[in-house]
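K.L.:
whatever this is, show me its structure:
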Amino acid sequence: MSTPRQEDGRRRRLPPEERRRQLVAIGLQELAARPIHALSIDRVAELAGISRSLLFRYFPTKQDYYVAVVGSAARRLLRAAVPAPGDPDPLRAVLRAFVSFVDRHGDNYQACFHGGYGSDPQIREIHGSMKNTLVDRVIAALGCPDTPLTRIRLRGWWSMVESLAIDRLREPNLSVDDVVDYASTLLPPVLTPADGFTDPESGS
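P.N.:
Residues are numbered from 1 along each chain as shown. Have a look, this model is predicted:
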């Protein structure tokens with residue numbers, strides 16, 4: 001990614017929100033090549049063509065910047081985990097988008113949400129909100145009522161899906177589709193007819 005400088009070498013001025021978006025986009029690009037703990041504020045500022053001190057005008061602390069980057073990554077995942085209109089298997093579409101995202105960003109996903117960074121209250125909030133949105137989409141895909149009990153059961157099931165997706169990174173014999181298939185087979189025992197769920201294979 002080229003640094004946004006004017007041809008005469010002077011710093012290019014950007015509106016505050018555009019500069020914030022630019023800095024977060026650079027952070028996401030950097031995470032594609034390095035772990036989050038190696039994300040360098042100095043390098044981000046250099047790539048943006050600004051000083052380190054100017055970066056901290058937009059993000060008061062390094063942790064604030066990390067939170068913004070992680071939040072943007074979570075939104076990117078959620079944008080991908082939307083079934084196409086008329087998709088014959090919307091549940092599988094949601095599952096596959098999530099497991100594929102973890103496949104591409106596994107180490108950083110684990111570090112952000114289940115490592116040291118995951119203890120940050122803002123990071124926990126991002127993780128919880130992301131899980132709730134994914135559960136919303138599972139409920140919509142299944143067409144079952146959105147009740148507190150159903151949601152609790154699906155949140156537990158989704159935690160298992162997440163664990164399977166992360167553990168698969170250390171097991172080369174399992175594919176993304178293997179995880180999606182297995183997670184799908186575990187759903188019927190989690191939900192019952194009382195949740196408004198009917199197993200299409202059993203008809204019950």
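K.L.:
so the spatially most central residue of the chain is in which element?
P.N.:
In the chain, the centroid-proximal residue (CA atoms, centre = their mean) is Ala74; its distance is 3.3 Å. Using DSSP states H and E, Ala74 falls within helix 62-80.
K.L.:
how near is the residue nearest to the centre of the chain to Gly116?
P.N.:
Distance, Ala74 to Gly116, using CB to CB, to the nearest Å: 18 Å. C-beta: built from backbone N, CA, C; applies to glycine.
K.L.:
and the longest helix seen in the chain, what other elements does it pack with?
P.N.:
Secondary structure of the chain per DSSP state H: the longest helix is helix 90-114. Counting contacts by 3 or more CB pairs under 8 Å, 6 or more residues apart in numbering; DSSP states H and E, helix 90-114 packs against helix 62-80, helix 121-142, helix 148-167, helix 176-185.
K.L.:
picking that back up, quick check, the residue nearest to the centre of the chain in contact with Met130.
P.N.:
Yes: between Ala74 and Met130 there is a contact at 4.7 Å, judged by CB atoms under 8 Å.
K.L.:
can you spell out the domain ranges of this structure, please?
P.N.:
Listed by automatic domain parsing, the domain ranges of the chain are 1-60, 61-195.
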